[in-house]
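Enquirer: Got a sequence here, can you model it:
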Amino acid sequence: MREGGYSAQECKRANISAMEAGFSSAEAKYEGFTVAECVEAGYGPDELKAGGYSAQECKAAGVSAKEAGFVAAELKYEGFTAQECTAMGYAAEELKAGGYSAQECREAGVSAKEAGFAVAEVNAEGFSVAESRAAGYAISELKDGGYSAAECREAGVSAKEAGFAALEVRAEAFSAAECVAAGYGPEELKAGGYSAQECREAGVSARVAGTPSLTLTLALTLTLTLVVALTVTLTLTLT
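Expert: Predicted structure coming up:
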């Protein structure tokens, strides 16, 4: 029929399948066939995309965009949500590759970690430490992802387990007592810059921490003063 000059529409009116008549899906589309009409004529999902039909047109006809060969990026361009992509069978990593954000993945019930997002990326999108942990990220990944020791603490995560040194948590205004509660040892408190007085207030012995006590400091100062005085006196006597 096609070779005889008849159009796809004429074949359709004669109850002859445009596909059987030798028309491509692109030719059928050119003649105004809808996706539903192409499906009825026997064209497969992959032929629909090849013929120029959009993912939205396929969706309207009940044809899976994934089966038609569309990638996630094409669906995003056409306004499909991450949830719609997931419902059609697109994998988590395909969503990220298609340009969907970690937030969009989460709204679709897809783990940002499974989708391939790094901690720094979810942090940049506003995920809290608790949300990152819920998504499957390890405590050891939080610090490298840009979260602070204070943010970890708010989520019930030990700053020490997250890899922060005592000096870093001190810079974030952690008290010596908070450091002790987080698991830092006496020696770490001293290395972090905490004073003997701060250690004592946290219930840590300054001696154990390796920090000279106030009494010992005063005694050493007094001894040094006496030594200097005696040296001066002896020098004056000899001259």
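
Enquirer: Please count neighbours and contacts with C-alpha atoms only from this point.
Expert: Will do.

Enquirer: what residues are up against residue 143?
Expert: Neighbouring residues of residue 143 by Cα atoms under 8 Å, 6 or more residues apart in numbering: 149, 162, 163, 164.

Enquirer: Out of the residues you listed, which comes closest to residue 180?
Expert: Among these, residue 164 lies closest to residue 180 (Cα to Cα), at 13.3 Å.

Enquirer: Now, of the contacts of residue 143, which are buried?
Expert: Neighbour counting with 16 or more other Cα atoms under 10 Å marks 149, 162, 163 as buried within the contacts of residue 143.

Enquirer: and the most centrally placed residue in the chain, what does it touch?
Expert: Geometric centre of the chain, nearest residue: residue 122, 2.8 Å, by Cα atoms, centre = their mean. Residue 122 makes contact with 102, 103, 112, 132, according to Cα under 8 Å, 6+ apart.

Enquirer: which one of those residues is nearest residue 202?
Expert: Distance ranking of those against residue 202, using Cα to Cα, places residue 132 first at 31.2 Å.

Enquirer: My guess is that closest one contacts residue 119. True?
Expert: Yes. With contact defined as Cα atoms under 8 Å, residue 132 counts as touching residue 119 (7.3 Å).

Enquirer: Between those two, tell me which one has more neighbours.
Expert: Per other Cα atoms under 10 Å, whichever of residue 132 and residue 119 has more neighbours is residue 119, with 25 against 22.

Enquirer: got the phi/psi numbers for that one?
Expert: In terms of degrees, to the nearest 10, the main-chain angles of residue 119 are phi -60, psi -40.

Enquirer: In space, what's closest to it - neighbours in sequence excluded?
Expert: In space, residue 119 comes closest to residue 145 once its chain neighbours are excluded; the distance is 4.7 Å by Cα to Cα, 6 or more residues apart in numbering.

Enquirer: can you tell me which residues contact that neighbour?
Expert: If a contact means Cα under 8 Å, 6+ apart, then residue 145 has 118, 119, 120, 121, 123 as its contacts.

Enquirer: if we go to 10 Å?
Expert: Residue 145 makes contact with 118, 119, 120, 121, 122, 123, 124, 129, 132, 137 under the criterion Cα atoms under 10 Å, 6 or more residues apart in numbering.

Enquirer: Could you turn the buried ones of these into a PyMOL selection?
Expert: A single PyMOL command selects the buried members of the contacts of residue 145 (16+ other Cα under 10 Å):
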select buried, resi 118+119+120+121+122+123+129+132+137
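
Enquirer: Mind putting the contacts of residue 145 into JSON lines with distance to residue 94?
Expert: What follows is the contacts of residue 145, written out as JSON lines (distance: Cα to Cα, whole Å):
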{"residue": "118", "distance to residue 94": "15"}
{"residue": "119", "distance to residue 94": "18"}
{"residue": "120", "distance to residue 94": "20"}
{"residue": "121", "distance to residue 94": "17"}
{"residue": "122", "distance to residue 94": "17"}
{"residue": "123", "distance to residue 94": "21"}
{"residue": "124", "distance to residue 94": "20"}
{"residue": "129", "distance to residue 94": "25"}
{"residue": "132", "distance to residue 94": "20"}
{"residue": "137", "distance to residue 94": "19"}
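
Enquirer: Okay, domains of the protein per the record?
Expert: The domain map for the chain lists 1-70, 165-213, with the assignment taken from automatic domain parsing.

Enquirer: mind putting those in JSON lines, distance to residue 83 included?
Expert: Compiled in JSON lines, the domains of the chain are given as follows (distance: least, Cα to Cα, whole Å):
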{"stretch": "domain 1-70", "distance to residue 83": "13"}
{"stretch": "domain 165-213", "distance to residue 83": "39"}
